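# quick one, structure for this:
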Amino acid sequence: MLTQKQHNFKTVLPEPLATQADQTMKDVYTLDFLGITKPVIELEIEQRMIKKIKDVLLELGYGFSFIANQYKLQLGGNDYYVDLLLYNRKLKALVAIELKAGKFKPEYAGKMNFYLNLLDENVREESENPSIGIIMCSERNHLEVEYALRGIQKPVGVAEFKLTKTLPKELSDKLPDAKQLEAQIFKEISYEEV
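Okay, here's the model as predicted:
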């Protein structure tokens, strides 16, 4: 909750909904429970998430409910698909999630804005708050995200996802283990107390 998350919630949502949406979104989602150890396409990530939806909802945080994957939206005779459509009880809002296996691209923000317009116009109930979008990508440039979200009138957040918490083998012997880190921390604390 203390990290500087990337979104435009404060400029497009009223308080306290903007604060609640910020608290609901994570900066980085850890998806190691999916069992993916090498780069894959978005569809593979999505399919594994669907198989493990309980774990996914727990990782996303409190209050999320699953609505659909590849949720179909239509406009002008064309079909569009939101990777994952969820509902958050605390926010009282639809949450659209787009998965991107690679680096964030500015055009993803425009696509999400488009999806949120369609959701708000055609799916959202009158009693619900505006729909919120989260773009989850494996990598992002903070400056690109900042510029991509400027001027977007719908609440959009950009978060990273990590598929594993384990270190690559080539780095495992280069870093201290937990006992060494703990010893160093206690050593520094004892020096500060003196």
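# model confidence score at Ala148, please.
What the model reports as pLDDT for Ala148 is 96.
# restricting to C-alpha, output the helix or strand hosting it in PDB.
Using DSSP states H and E, Ala148 maps to helix 142-149. What follows is helix 142-149, C-alpha atoms only, in PDB (Å, rounded to 0.1, in the frame of the first residue of the first chain):
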ATOM      1  CA  HIS A 142       7.100   4.500 -15.300                       C
ATOM      2  CA  LEU A 143       7.500   7.600 -17.400                       C
ATOM      3  CA  GLU A 144       5.700   6.000 -20.400                       C
ATOM      4  CA  VAL A 145       2.800   4.900 -18.100                       C
ATOM      5  CA  GLU A 146       2.600   8.400 -16.700                       C
ATOM      6  CA  TYR A 147       2.300  10.000 -20.100                       C
ATOM      7  CA  ALA A 148      -0.100   7.300 -21.400                       C
ATOM      8  CA  LEU A 149      -2.500   7.900 -18.600                       C
END
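# packing partners of that helix?
Contacts defined by 3 or more Cβ pairs under 8 Å, 6 or more residues apart in numbering; DSSP states H and E place helix 142-149 against strand 6-7, helix 107-122, strand 156-162. Backbone N, C-alpha and C define where each C-beta goes, glycine included.
# which secondary structure element of this protein has the lowest mean pLDDT?
Among the helices and strands of the chain, helix 169-172 carries the lowest confidence by mean pLDDT, DSSP states H and E, at a mean of 56.
# what ranges do the helices span in this structure?
Applying DSSP state H to the chain gives helices spanning 9-12, 17-24, 42-51, 53-60, 107-122, 142-149, 169-172, 178-193.
# distance to Ile97 added to those helices, as CSV?
Listed next are these as CSV, based on distance: least, Cβ to Cβ, whole Å:
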stretch, distance to Ile97
helix 9-12, 15
helix 17-24, 12
helix 42-51, 9
helix 53-60, 8
helix 107-122, 9
helix 142-149, 16
helix 169-172, 30
helix 178-193, 33
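# out of those helices, which gets nearest to Leu73?
Closest approach to Leu73 among the helices of the chain is made by helix 107-122 (4.5 Å; Cβ to Cβ).
# in that closest one, what counts as buried?
Under the neighbour-count criterion of 16 or more other Cβ atoms under 10 Å, helix 107-122 has 108-109, 111-113, 115-116, 118-120 buried.
# swap in stretch 62-77?
Residues of stretch 62-77 classed as buried: 63-64, 66, 69, 71, 73 (neighbour count, 16+ other Cβ under 10 Å).
# want to throw those into JSON lines with distance to Leu34 and pLDDT?
Formatted as JSON lines, these follow (distance: Cβ to Cβ, whole Å; pLDDT from 0 to 100):
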{"residue": "Gly63", "distance to Leu34": "22", "pLDDT": "91"}
{"residue": "Phe64", "distance to Leu34": "17", "pLDDT": "93"}
{"residue": "Phe66", "distance to Leu34": "16", "pLDDT": "93"}
{"residue": "Asn69", "distance to Leu34": "14", "pLDDT": "92"}
{"residue": "Tyr71", "distance to Leu34": "20", "pLDDT": "97"}
{"residue": "Leu73", "distance to Leu34": "26", "pLDDT": "98"}
